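Visitor: need coordinates for the following:
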Amino acid sequence: MAEKFDSLEEHLEKFVENIRQLGIIVSDFQPSSQTGLNQKLNFMVTGLQDIDKCRQQLHDISVPLEVFEYIDQGRNPQLYTKECLERALAKNEQVKGKIDTMKKFKSLLIQELTKVFPEDMAKYKAIRGEDPPT
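Guide: Numbers count the residues shown, from 1 in each chain. Coordinates of the predicted model:
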């Protein structure tokens with residue numbers, strides 16, 4: 001799988017370099033540089049075709065739109081993963097706290113119901129397999 005990404009990265013780097021060189025030719029264009037300009041334009045077309053071939057190999061990869069937003073904002077896309085993990089851990093702690101609270105509530109509720117309705121709670125516990133009926 002990494003080979004596919006390496007290939008795409010290589011093609012993208014070549015394409016970016018070709019665009020940089022094309023920009024230099026265009027910014028200082030002379031009629032004598034027309035041949036070089038045409039050659040660079042042909043390299044761009046070839047580069048886009050190579051990138052498109054890589055797209056076919058990576059069609060099953062999906063990237064969350066938020067990653068592109070990070071890139072557009074000039075942020076490191078790896079921060080997206082880090083922040084997602086931090087949010088997941090925080091949510092996990094929150095849910096764990098709720099579960100613990102509900103377990104404590106259930107325990108206290110059973111204790112209080114046992115005091116008020118001992119026979120009914122004995123049947124309930126028997127059905128749940130917690131205590132044999134008395």
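Visitor: what about I127, helix or strand, and which?
Guide: Secondary structure from DSSP states H and E places I127 in helix 118-128.
Visitor: show me the helices in the chain, by range?
Guide: Listed in chain order, the helices of the chain (DSSP state H) span 2-27, 34-57, 65-72, 77-116, 118-128.
Visitor: any chance of the ones you listed in a markdown table, plus mean pLDDT?
Guide: Putting the helices of the chain into a markdown table (pLDDT from 0 to 100) gives the following:
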| stretch | mean pLDDT |
| --- | --- |
| helix 2-27 | 89 |
| helix 34-57 | 89 |
| helix 65-72 | 90 |
| helix 77-116 | 95 |
| helix 118-128 | 92 |
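Visitor: in CSV: the ones you listed, plus mean neighbour count.
Guide: To be clear about C-beta, it is placed using only N, CA and C from the backbone, and glycine gets the same treatment. Below are the helices of the chain laid out as CSV (neighbours: other Cβ atoms under 10 Å):
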stretch, mean neighbour count
helix 2-27, 13
helix 34-57, 13
helix 65-72, 12
helix 77-116, 11
helix 118-128, 13
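Visitor: thinking again about what came up before, and the helix holding I127, what does it pack against?
Guide: helix 77-116 (3 or more Cβ pairs under 8 Å, 6 or more residues apart in numbering; DSSP states H and E).
Visitor: could you rerun that using 6 Å?
Guide: Helices and strands touching helix 118-128, as assessed by 3 or more Cβ pairs under 6 Å, 6 or more residues apart in numbering; DSSP states H and E, are absent.
Visitor: export it to PDB, keeping only CA atoms.
Guide: Output of helix 118-128 as PDB, limited to C-alpha atoms (Å, rounded to 0.1, in the frame of the first residue of the first chain):
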ATOM      1  CA  PRO A 118     -38.100  -7.200  50.200                       C
ATOM      2  CA  GLU A 119     -40.300  -9.900  48.700                       C
ATOM      3  CA  ASP A 120     -40.600  -8.400  45.300                       C
ATOM      4  CA  MET A 121     -36.900  -7.700  45.200                       C
ATOM      5  CA  ALA A 122     -36.100 -11.200  46.200                       C
ATOM      6  CA  LYS A 123     -38.100 -12.500  43.200                       C
ATOM      7  CA  TYR A 124     -36.400  -9.900  41.000                       C
ATOM      8  CA  LYS A 125     -32.900 -11.100  42.200                       C
ATOM      9  CA  ALA A 126     -34.000 -14.700  41.700                       C
ATOM     10  CA  ILE A 127     -35.100 -14.000  38.100                       C
ATOM     11  CA  ARG A 128     -31.800 -12.100  37.500                       C
END
